[in-house]
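# what's the 3D shape of this:
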Amino acid sequence: MIFTSESGLLDPSRTAEWDVWYRGHLAAMAAVPGVSSAQRFRALAAGPPPSLAMYSVASPAVFDGDIYLRTRGMGPFVSVVDESLHRRNLFDGLDAAPEVPMTAILLVADRAAPGPVQDGLVWLRAVAIDRSVPYRGIAIFPDLAAAEVAAARLGGAVGLYAPTTERFEAPGGV
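You can find the predicted model right below:
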C-alpha cells in the first residue's frame, strides 16, 4: 500500500529549515514497523501542494501502532503547515511505492474514477485516512520533457514532482 502526505508551509521563509527536519522525519518513518520506504518530492509548478511524501506501508494497521503514533506529524512545523494543502491518503493498487531516482519525475493525477492506462500510469484507489481523492494515477519518467508530454496527453489536473530526498528504506530491508 502507498501512504501519501501532501502539505505546504504558511511561512515560505522556513522552507530550508523544514527540508532539513523532513529528512530526519523520513528516516524515522522508515524505521516504523510496517513502513518499508519513505521519500519526499517537491511540486515543479503551482497548483498541487508543494510537498509530497510517499511511503510504502504494509497495511492500515500501521497507523494504529504506538511507534507510528509517536513518529507521525509535522513536528516543530505543525503551527506553520498550511492546512488547506495538508492531505493524507492511503492507497491500494501497489504493494509498495515505486522507487523514484533523484533525476526522475513523478507524475501524479487525481481523479474521481480511474483514468486511462497509458505512459506507465498506475491507478491507485484511496482506502483510508482523508480519502481526499478517490483515485490517484502515478507514473515515473526519466526527465521533465517526457513527464510533460505524458501530462499533456493525460489532460486534467496533473502534478509533476521532483525528488527532494533519496528513498529511505526500512532498516534491515523490512
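# Any stretches of this protein with poor pLDDT?
Scanning the chain for pLDDT under 70 picks out the ranges 173-174.
# 90 instead, please
Counting by pLDDT under 90, the low-confidence segments of the chain come to 47, 73-75, 115-119, 156-157, 171-174.
# now the helices: where do they sit in it?
Listed in chain order, the helices of the chain (DSSP state H) span 15-30, 66-71, 144-154.
# What about the residue nearest to residue 105 when sequence neighbours are not counted, how many residues nearby?
Distance criterion Cβ to Cβ, 6 or more residues apart in numbering; nearest residue to residue 105, sequence neighbours excluded, is residue 147 at 4.0 Å. In short, each C-beta sits where N, CA and C put it, glycine included. By the criterion of other Cβ atoms under 10 Å, residue 147 has 23 neighbours.
# among the helices of the chain, which is nearest residue 99?
Ranking the helices of the chain by distance to residue 99, with Cβ to Cβ as the measure, places helix 15-30 first at 13.0 Å.
# Just give me how far that closest one sits from the chain centre.
Taking Cα atoms, centre = their mean, to the nearest Å, one finds the center of helix 15-30 at 14 Å from the center of the full chain.
# swap in stretch 26-40?
Between the mean C-alpha position of stretch 26-40 and that of its chain there is a distance of 12 Å (Cα atoms, centre = their mean).
# same check, this time on stretch 39-53
Relative to the chain's own centre, stretch 39-53 is displaced by 8 Å; criterion: Cα atoms, centre = their mean.
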